[in-house]
Each structure stands twice: as structure tokens, then as C-alpha cells.
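Pasting a predicted model and its sequence here:
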Amino acid sequence: MSAPVILITGALTGIGRAAAVALAKEGNHVVVSGRSEEVGHALAAELRTFGTEAEFIRADVRHDDDVRRLVDQTIERFGRLDAAVNNAGTEGTPGPVVTQTAESYAATFDTNVLGTLLAMKHELRVMQAQGSGSIVNISSTYGHEGAAGASIYVASKHAVEGLTKSAALEVAGLGIRVNAVAPGPTETGMLNRFTGTEENKTALLSGVPLGRIGQPEEIAAAIAFLASARSSFVTGQIVTVDGGKTAG
């Protein structure tokens, strides 16, 4: 049997990059996508050093034609799509509700929600024809909590979780699984931009019972599990990886 083919959006940094490395090391063929040609091709070359096949395909998940082309080119290259990790996202413009605008709303929702919807639309188009597949969306602990000063980001991740559960119910009878991973505070560029200062980052850390920030590789391990046949009886779930942050 040939190696599974896995597509990752937002794959060039942070959790997406860690997932690409983890999945390539497991022997999967990996298609990485993002908006930087130089970084994308370099990542694909790095993944090939693990002895698997890897390709970079540029796409902006906010645009339907880009996502359609991304999935179609994946099929042209590998012939199938066994799993997809929809990781592309943005923290938007943090701040109180009264400072938000239609523009800041659209900038966040177009990537985090519309991007996830378009990705699933085209991934499911292929997976339904195959009669199999696994989709892993990336949410956040803020997808099932509130957070002062992050209202639009929080709302977008609530939407991702709703999309995940609804899609899972739609396609469960077709042999396709849809789940999400909800990371807690994780050492990424997004976290550093979101917190802004070391003091804010330390304050956030105080709410994590394990007493530390998570690493992208730890989130990637959960993603790899859900993308694989090891989780064959798991669908419609939000798997939280947060060091105990939401336990109490």
C-alpha cells in the first residue's frame, strides 16, 4: 500500500510546520501550502530529507479558486488525498470589542473561518469520491472559552469548532472523519504577537497547570494521531492540548 497523502494549509511556520515535519517523519507524503514561495519550497526540500515525497503548492485559503487549485494539484501529483490539516489562521487585531471594525472582523474571519470552510469544501469533494479521509481543523482553547481583548479571534475559533462538528455529522456515513485540535498557549510567533510582552506571556502561563508553554511539536503529535488510522473511531471531536488550562 502506498504512503498516505496529507495536505497541510498554513504549513510554513509554527504548528503547521511542526505538523508537516511530524507527518513526514511518519512516512506520509506531504503537501505543504502557504503564501511564501521561498519558505514553502525550502520546507518541502527539508521534508524530503526524511525519505518521503513532499511538495509545496502556493495558495491563499481566503480565495476559493486558490483552494480548488491546491486540492486539484495535490490529486494530480499523488492521485489521492488521505488527510488534510487546516491550520492557516491569524490572530487578527486584538483589542476590546469597542475598538473593532468591519475590516478587523473580515480580516480575521476570512482566514480563520472562510479559509477553513473552503478547505473542507474542496477536501471533502475529493474524499467523498474516495469514500475515505480524515480532516483535522485547528482551533484553540479560545474556541470553547471567552477571552477579554480577543473577541473576534475567539468568535472565529468558536465558528471553526461548529464547522468541524457539523461537517463530521454530514460525512460520517461516507467513511470520512472530521475533528479539530484546540491548542492552549503554544510557543509560536502568533502567541508572541498576541501577548505583545514577556509580562503578558508570563501572566498567560500562570493559568497553565503544567506550568509551561506548549511546544508546536506537542500539538503536532495530536494532529498526527487524528490524521491517521490510529484514530479510526474518532470523529466530531475537539481534542484540547493545553497543559490543563481548561481542566478547572
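Yep, that arrived. Predicted, not measured: the structure shown is a model, and the values here were computed from it.

List the strands paired with the biggest strand by length in the chain, with their directions.
Longest among the strand segments of the chain by residue count, using DSSP state E, is strand 176-183. With DSSP bridges as the test, strand 176-183 is paired with strand 133-138 (parallel), strand 238-241 (parallel).

Can you list the buried residues in the helix or strand immediately after the first one in the chain?
Meaning strand 133-138. Note on strand 133-138: by DSSP states H and E, the next helix or strand toward the C-terminus is helix 151-171. For helix 151-171, a neighbour-count test (16 or more other CB atoms under 10 Å) marks 151-161, 163-165, 167-168, 171 as buried. Every C-beta, even on glycine, is put in place using the N, C-alpha and C of the backbone.

what helices or strands is helix 151-171 leaning on?
Counting contacts by 3 or more CB pairs under 8 Å, 6 or more residues apart in numbering; DSSP states H and E, helix 151-171 packs against helix 102-109, helix 115-130, strand 133-138, strand 176-183, strand 238-241.

Quick check: phi and psi on the residue most central in space within the chain?
Centroid check for the chain by CA atoms, centre = their mean gives residue 87 as the closest residue, at 2.1 Å. Per-residue torsions, residue 87: phi -110, psi -20 (degrees, to the nearest 10).

Quick check, it in contact with residue 12.
No. Applying CB atoms under 8 Å, one finds residue 87 not in contact with residue 12, separated by 9.8 Å.

Can you get me a residue count around residue 37?
Residue 37 has 10 neighbours, counted by other CB atoms under 10 Å.

roughly how far apart are the closest residue to it other than its chain neighbours and residue 35?
Nearest non-adjacent residue to residue 37, counting by CB to CB, 6 or more residues apart in numbering: residue 58, 5.9 Å away. The gap separating residue 58 from residue 35 is 7 Å, by CB to CB, to the nearest Å.

for residue 24, same thing?
21 Å.

Looking at these two, which one has more neighbours?
residue 24 (25 against 14).

That one is in what secondary structure piece?
Here residue 24 is assigned to helix 14-25, by DSSP H and E.

Now do that helix: which elements does it pack against?
strand 5-9, strand 29-34, helix 37-48, strand 83-86, helix 216-227.

Could you list every helix and strand that the first one packs against?
Think strand 5-9. helix 14-25, strand 29-34, helix 64-78, strand 83-86, helix 115-130.

Tell me which of the helices and strands packed on helix 151-171 lies nearest to residue 44.
helix 115-130 (18.9 Å; CB to CB).

Take that closest one, keep the C-alpha atoms, and write them as PDB.
What follows is helix 115-130, C-alpha atoms only, in PDB (Å, rounded to 0.1, in the frame of the first residue of the first chain):
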ATOM      1  CA  GLY A 115     -10.500  29.600   4.900                       C
ATOM      2  CA  THR A 116     -11.400  26.500   6.900                       C
ATOM      3  CA  LEU A 117     -14.800  26.300   5.100                       C
ATOM      4  CA  LEU A 118     -13.300  26.500   1.600                       C
ATOM      5  CA  ALA A 119     -10.600  24.000   2.500                       C
ATOM      6  CA  MET A 120     -13.100  21.500   3.800                       C
ATOM      7  CA  LYS A 121     -15.300  22.100   0.800                       C
ATOM      8  CA  HIS A 122     -12.600  21.000  -1.700                       C
ATOM      9  CA  GLU A 123     -11.000  18.300   0.500                       C
ATOM     10  CA  LEU A 124     -14.400  16.700   1.000                       C
ATOM     11  CA  ARG A 125     -15.100  16.900  -2.700                       C
ATOM     12  CA  VAL A 126     -12.200  14.500  -3.200                       C
ATOM     13  CA  MET A 127     -12.700  12.400  -0.100                       C
ATOM     14  CA  GLN A 128     -16.300  11.700  -0.800                       C
ATOM     15  CA  ALA A 129     -15.300  10.300  -4.200                       C
ATOM     16  CA  GLN A 130     -12.700   8.100  -2.500                       C
END
